[in-house]
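**Q** Sharing a sequence plus its predicted fold:
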2 protein chains.
Amino acid sequence: MAEKLALVGIGKIARDQHIPAIGANPDWSLEAAVSRHATVEGIDHFETLDALLETRPDITTVSLAIPPQPRFAYAAAALRAGRNVMLEKPPGQSLAECYALEALAKENGVTIFATWHSRHADCVPDLKAWLAERTLKKLTITWKEDVRLWHPGQEWIWEPGGMGVFDPGINALSILTEILPHPVHLSGATLEFPENRDTPIAARLEFADPSGAPMTADFDWRQEGPQTWNIEIDTDRGSARLSLGGERLEIDGALVKQGANHEYANLYARMAALVKAGESDMDLSPMIHVCDAFSLGKRVVTAPFHY
Amino acid sequence: MAEKLALVGIGKIARDQHIPAIGANPDWSLEAAVSRHATVEGIDHFETLDALLETRPDITTVSLAIPPQPRFAYAAAALRAGRNVMLEKPPGQSLAECYALEALAKENGVTIFATWHSRHADCVPDLKAWLAERTLKKLTITWKEDVRLWHPGQEWIWEPGGMGVFDPGINALSILTEILPHPVHLSGATLEFPENRDTPIAARLEFADPSGAPMTADFDWRQEGPQTWNIEIDTDRGSARLSLGGERLEIDGALVKQGANHEYANLYARMAALVKAGESDMDLSPMIHVCDAFSLGKRVVTAPFHY
């Protein structure tokens, strides 16, 4: 029987990704939406999460597609009411609140899932398997997109806790931490802050790999024209290029897989499996690298940004 | 029999605190010092850690009293050589490297101890016990000191990874995370950066307590005259004031305990117990709050700082 689910936050990502993915998965039944203004045709609407939790005790799972700043309060309320919780990335605006949510889920005997959608892109498992049998020599992340295209008019990404260019950059880091056979750590970073904004518009990261292989990430939100979401890897036996954010994989210059976008379908399948098994998945490693970049990074002030 | 120990980094904190504390503890025998320039009378001197590790396999434990930026490389080398490692605070310049060290200690079957000296101040256990039987209503941290007095001429604290005013502030956070009966998380922060420096000279933090009690921390490195290291707590049954960084405790306005400085003595006693038990202690909660403050905090540029 399908688990009853409510979606909180009916914005662009909810309509583009969450609602179609939930609708296509027979393990889930989308029963209600929580949003101050927006409604979803054919399902119950609540203006507040509290109203939903009081009125619909039959809804076992709450999926949060709201900005990170208010996410803790919503997630904590749902967990305390004994509901499973699925978190859009990033899972919060602070690491400490994520650890607190993890503890709260355990206390209440429910599932919590910190999702990283890019980690579930079609070619990520292929690249991971390929790399596992080789020795890493060099890794270069290039993640450059046009913020006006992907976050039109969104102010929360520029406010403290909104992460700025790390909002897309953390997607690359979620792939990095998935495919590497060992943990790495940041050794240096430079962050460019527009003079009128509280979060960075660009960042350049350097990681220390235990093997000494050079490892860098270049994030930029000022990319017009073609958009770039690439990870390029050199090894002792050939090179790989993951592109389109994980949908396309080339090995030694030849296309080996061209996938499609199944990221959110995979996320909801994973959430169904976690709920069934009574388990949680709260891997914070992509967010730890971002927090490290903020605390370790050199700050440079750059031109103001306006939509 | 005493464990043989080497001290790496012979600066102010080594001479003021580490060497006397080791000398007073019969569980330890200080055998060697590692420092490019400085020597310690009566014990072996090595210019590099590698030379020590090669020459003195009998030294089981390495204590690192060097700045956080190079600490990972030293700690990793010592752990890989099968030595126990004790880390001055903060335990690294990134969280990811601390998690990597913890994994490395486990792999090599040795002890790692991320020390937080203020947590071992004389009155901290008393305050913790007092608070455990009360309901928190308000908590205010005021940690204001003169950087010229405590870090004379030190440039590393102003470089990325040096943490700035969080270098003393993390001491207060190490007490906070020790005395509270439950975890809290940062809800907002403002960080003041001198226009010529990469780390903050002042910070104001707000925490979200599950009970809703107001909780703030005020860190400032520009305090001349009397220095302030206070934590003030209001509860349903009385108020407490911890001062002198944890050495003095007043309850409801009356002095209940005036301790002395046993912080480093307590740290080396704890390290001896960990080594004996084959255990590690790598609590990163104070550092997690600092990383959260850097990623969540609003940045304000202030007057340049010169020694």
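**A** That came in fine, so what should we check first? Residues are numbered from 1 along each chain as shown, chains lettered A, B, ... in the order given.

**Q** Against chain B, how distant is residue A:155?
**A** Separation of residue A:155 from chain B (C-beta to the nearest C-beta, to the nearest Å): 14 Å. C-beta: built from backbone N, CA, C; applies to glycine.

**Q** Give the burial count for that residue, as a bare number.
**A** By other C-beta atoms under 10 Å in any protein chain shown, 11 other residues sit near residue A:155.

**Q** Identify the bridge partners of the residue in the stretch 101-250 of chain A positioned nearest to chain B.
**A** Nearest residue of the stretch 101-250 of chain A to chain B (C-beta to the nearest C-beta) works out as residue A:185 at 3.6 Å. Residue A:185 has these beta-bridge partners by DSSP bridges: residue A:208.

**Q** domain parsing for chain A?
**A** A:3-114, A:120-259+A:291-302 (automatic domain parsing).

**Q** Spell out which parts of chain A neighbour chain B.
**A** Residues of chain A lying close to chain B (C-beta under 8 Å from any C-beta of the partner chain) are A:72, A:93-97, A:99-100, A:103, A:160-161, A:163, A:183-186, A:188-189, A:193, A:198, A:208, A:285, A:288-292, A:294-299.

**Q** can you put the domains of chain A in a markdown table and add distance to residue B:274 and mean pLDDT?
**A** Formatted as a markdown table, the domains of chain A follow (distance: least, C-beta to C-beta, whole Å; pLDDT from 0 to 100):
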| stretch | distance to residue B:274 | mean pLDDT |
| --- | --- | --- |
| domain A:3-114 | 23 | 96 |
| domain A:120-259+A:291-302 | 23 | 96 |
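
**Q** Can I get those in a markdown table including distance to residue B:227?
**A** Shown next, in a markdown table, are the domains of chain A (distance: least, C-beta to C-beta, whole Å):
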| stretch | distance to residue B:227 |
| --- | --- |
| domain A:3-114 | 28 |
| domain A:120-259+A:291-302 | 25 |
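
**Q** Out of the ones you listed, the one nearest residue B:3 is which?
**A** domain A:120-259+A:291-302 (28.1 Å; C-beta to C-beta).

**Q** Straight-line length of that closest one, end to end?
**A** Chord length of domain A:120-259+A:291-302, first to last residue, is 34 Å (C-alpha to C-alpha, to the nearest Å).

**Q** what's the spacing between the residue of the stretch 101-250 of chain A closest to chain B and residue A:114?
**A** 20 Å (C-beta to C-beta, to the nearest Å).

**Q** And the residues of chain A next to chain B, which of them are buried?
**A** Neighbour-count burial (16 or more other C-beta atoms under 10 Å in any protein chain shown) applied to the residues of chain A next to chain B gives A:72, A:93-97, A:99-100, A:160-161, A:163, A:183-186, A:188-189, A:193, A:198, A:208, A:285, A:288-292, A:294-297, A:299.

**Q** Which of the residues you listed fall within strands?
**A** A:185-186, A:188-189, A:193, A:208, A:299 (DSSP state E).

**Q** Sort out which one of those lies nearest residue B:24 for me.
**A** residue A:185 (35.4 Å).

**Q** Just list what the strand or helix carrying residue A:74 packs against, helices and strands only.
**A** Residue A:74 is part of helix A:71-80, with elements assigned from DSSP states H and E. Secondary-structure packing of helix A:71-80 (3 or more C-beta pairs under 8 Å, 6 or more residues apart in numbering or on different chains; DSSP states H and E): helix A:49-55, strand A:61-64, strand A:84-87, helix A:95-107.

**Q** repeat that for 6 Å
**A** Using 3 or more C-beta pairs under 6 Å, 6 or more residues apart in numbering or on different chains; DSSP states H and E as the contact test, the elements touching helix A:71-80 are strand A:61-64, strand A:84-87, helix A:95-107.
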